[in-house]
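Participant: Sequence and computational prediction follow.
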Amino acid sequence: MKELSSFHTKGIYIDRINPLWYLTTGVVTMALTHMTFSIEVMAWVSSVPFLIYLSLTQGWKSRLTFFFALVLAWSFVVAKIITDPIPLVLVFLYSIPISLFHLPGYLIWSKFKNQKFALFLFPVIMVIMEWIQYTFTPLASWGVAAYTMHDNVSLIQTVSLFGLAGLSFLIYWVNISIANIIIKRKIAISTFQLPLIMLLLFIFFGSIRYDISKANGIDTVTVAAVGTDSEASGLPLPTKERNEQVKTALFKRTRTAANGGAKIISWNEAAIFIMPEDEVEWVISIKELAAELNITLVASYVMPLSTTPLKYENKYKFINPSGNITHSYLKHQPVPGEPAVQGTSPLKVADITGSKIGAAICYDYDFPYLAKSYGELGADMVIVPSSDWRGIDPVHTEMAAFRAVEQGHSVLRSTRFGLSAAITPYGEMTAQMSSFSQNDKIMYARLPVKGVTTLYSIIHDTLVYICIIFMLLFIAVSIRSRYYGYVNSQEIETNYNNG
């Protein structure tokens, strides 16, 4: 262990700075780290000021102050993605729960920070809490540390090994290591050499994996994302005349895409509103369209069930080139507050000329468990009709690339009010189209016919389970040590009094 003597010679001590400055700095670094308008490098240090603050302060008042600062930081983060038509109240509907999920990692570490192996307690608990959030709550994976690397194609490859948990663990490990070096003014193998070596190994693995993917020749298929003219998102419902205009434009663009060579075509989420009394005729028309053009069509639409209150089905019909519906699908994970009927039917894939193809709708693919289910079905490609808003563009599409790398399948994300993209199993966007740009609302791309096998698709969340075991053992050993320490002190005191 090497001591940083410069802290002594220059007289720089962290406790000479008001702890509130560390708290303020933490709010700023956290706000600059996540979601849109983020600075990638900040992710490696964003938690450091918070950790220093917790090491310098004690008592419930300081912990309460810390919680408010954490909520403030995440409120700034979420506020960056709030644009029309999303209400400002959504800031707190996400920032407070995300803060509550992150809070245990900080507080438990501060409680046991002087114990052996406490360095690993922070990344372990943070990874566990993130996993609980995106596996068991409607918050999905928003705010997960791994997403801060969305522009780093090399590091994104590492989620093919251990999922989001592996990359998040490394990020949190680096943060706690830097904090430990500053707090203790000492460098140890666990706080410098090991995390540095692991980071370099991750970068090396990712670079080699991505380069090999570019060198291999593969069979591809032409796909297309077809945009809609519909801007309806709820009440008032579009008129029949407007719906007819939207339908005409959709069918025309679909024919153009097919004539351009596309064999698989996806519309945007909520591409059109279809009333219940019109659905039978509508379904016949889209089946005839797919058969006429000899294409696979994922036709996404909304069917209102009531207006007071508003309730609808957000769904798609998966139609093969013969014009047969292989399956229908209701959105499995409606966005919190979305008045959509939640789908519960088992996921399905369709065999289209040798490729196993599945589909999900927008927010569904913010949940790694759903992509894992498609991985278990052997999906080669997953089509994701989507509808975003300006604030989450393009980060929401970039998040879908993580699902592709995790499970080794391609993703075709056809997006209204955002970025459409064709994503390979290596996270590469081979084509992009923004709905905010002037274009013909047709994106062509070529995607691999077959997916690839990833380690994560085999071992699933094993790393998370290891983290859970570590946490339980650590806490059990710590409590046992404290108990025996208390018993020994009592014996010493008794012997002293008797002596």
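Facilitator: It's in. Residues are numbered from 1 along each chain as shown.
Participant: in stretch 79-98, what's buried?
Facilitator: 79-82, 86, 90-91, 94-95, 97-98 (16 or more other C-beta atoms under 10 Å). All C-beta atoms are positioned from the backbone trio N, CA, C, and that covers glycine.
Participant: of all these, which comes closest to residue 365?
Facilitator: residue 81 (16.9 Å; C-beta to C-beta).
Participant: Settle this for me: the closest one is touching residue 37, isn't it.
Facilitator: No. Judged on C-beta atoms under 8 Å, residue 81 makes no contact with residue 37 at a distance of 9.4 Å.
Participant: what's next to the helix or strand hosting residue 20, contact-wise?
Facilitator: For residue 20, the host element (DSSP states H and E) is helix 19-31. The contact list for helix 19-31 (C-beta atoms under 8 Å, 6 or more residues apart in numbering) reads 14, 42, 45-50, 52-53, 56-57, 62, 65-66, 69-70, 72-74, 76-77, 80.
Participant: Lowest mean pLDDT among the helices and strands of the protein, which one is it?
Facilitator: helix 6-9 (a mean of 40; mean pLDDT, DSSP states H and E).
Participant: Let me see the contact set for residue 434.
Facilitator: Going by C-beta under 8 Å, 6+ apart, residue 434 touches 393-394, 418-420.
Participant: can you list the weak-confidence ranges in this protein?
Facilitator: The model of the chain has pLDDT under 70 over residues 1-12, 482-499.
Participant: before we move on, the earlier item: for my notes, please list the contacts of residue 434 in a markdown table and give secondary structure for each entry.
Facilitator: As requested, these are exported to a markdown table (DSSP: H, G, I helix; E, B strand; the rest coil):
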| residue | secondary structure |
| --- | --- |
| 393 | coil |
| 394 | coil |
| 418 | coil |
| 419 | strand |
| 420 | strand |
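Participant: Highest neighbour count among these?
Facilitator: For the contacts of residue 434, the largest neighbour count, defined by other C-beta atoms under 10 Å, is 31 neighbours, found at residue 420.
Participant: List the buried residues in stretch 134-153.
Facilitator: Of the residues in stretch 134-153, 134, 139-150, 152-153 count as buried by neighbour count, 16+ other C-beta under 10 Å.
Participant: Mind telling me the two of those farthest from one another?
Facilitator: Longest span within the buried residues of stretch 134-153, C-beta to C-beta: 139 and 153, 26.5 Å.
Participant: just the strands in the stretch 201-350 of the chain please.
Facilitator: Per DSSP state E, counting those that start in this stretch, the stretch 201-350 of the chain carries strands over the ranges 220-226, 264-267, 296-307, 310-319, 325-330, 350-352.
Participant: Just the buried positions in the third one, please.
Facilitator: In terms of neighbour count (16+ other C-beta under 10 Å), strand 296-307 has its buried residues at 296-304.
Participant: The fourth one too?
Facilitator: Buried residues in strand 310-319, counting neighbours by 16+ other C-beta under 10 Å, are found at 312-319.
Participant: Give me the contacts around it.
Facilitator: Strand 310-319 is contacted from outside by 234-235, 269-270, 283, 286-287, 290, 296-305, 325-331, 334, 338-341, 343, 348, 350, 359, 361, 385, using C-beta under 8 Å, 6+ apart.
Participant: angle of that strand against strand 325-330?
Facilitator: Counting by axes from the mean of the first three to the mean of the last three C-alpha atoms, to 10 degrees, strand 310-319 lies at 160 degrees to strand 325-330.
Participant: Name the residues of the helix or strand harbouring residue 194 that come out as buried.
Facilitator: Here residue 194, judged by DSSP H and E, is contained in helix 194-215. Buried residues in helix 194-215, counted by 16+ other C-beta under 10 Å: 195, 199, 202, 205-206, 209-210, 213.
Participant: now stretch 465-482
Facilitator: Residues 467-468, 470-471, 474, 478 are the ones in stretch 465-482 that count as buried (16+ other C-beta under 10 Å).
Participant: just stretch 36-54 next, same as before
Facilitator: 36, 38, 42-54.
Participant: again, but for stretch 358-373
Facilitator: Quick answer for stretch 358-373 (16+ other C-beta under 10 Å): 358-368, 370-373.
Participant: Stretch 330-339 too?
Facilitator: 330-335, 338.
Participant: if I read this right, residue 229 contacts residue 243, doesn't it?
Facilitator: No. If you go by C-beta under 8 Å, residue 229 and residue 243 don't touch, sitting 10.5 Å apart.
Participant: Can you give the domain ranges for the protein?
Facilitator: 2-214+461-488, 219-457 (automatic domain parsing).
Participant: now the end-to-end length of the shortest one.
Facilitator: Using C-alpha to C-alpha, to the nearest Å, the end-to-end distance of domain 219-457 comes to 22 Å.
Participant: which residues of the stretch 1-150 of the chain fall in strands?
Facilitator: Taking DSSP E, counting those that start in this stretch to define them, one finds strands in the stretch 1-150 of the chain at 2-3.
Participant: could you measure residue 88 against residue 396, distance?
Facilitator: When distances are taken as C-beta to C-beta, to the nearest Å, residue 88 and residue 396 turn out to be 19 Å apart.
Participant: go on, residue 386?
Facilitator: Counting by C-beta to C-beta, the gap from residue 386 to residue 396 is 7 Å.
Participant: Who has more neighbours out of the two?
Facilitator: The residue with more neighbours, out of residue 386 and residue 396, is residue 386; 28 against 25, by other C-beta under 10 Å.
Participant: residues touching the more buried one, list them.
Facilitator: Per C-beta under 8 Å, 6+ apart, neighbours of residue 386: 268-269, 361-362, 396-397, 413-416, 418.
Participant: Sitting in helices, which of the residues you listed do you find?
Facilitator: Members of these lying in helices (criterion: DSSP state H): 396-397.
Participant: With respect to residue 447, which of the contacts of residue 386 is nearest?
Facilitator: The closest of those, once distances to residue 447 are taken by C-beta to C-beta, is residue 413, at 11.4 Å.
Participant: Quick check: the closest one touching residue 432?
Facilitator: No. Under the criterion of C-beta under 8 Å, residue 413 is not in contact with residue 432, lying 9.8 Å apart.
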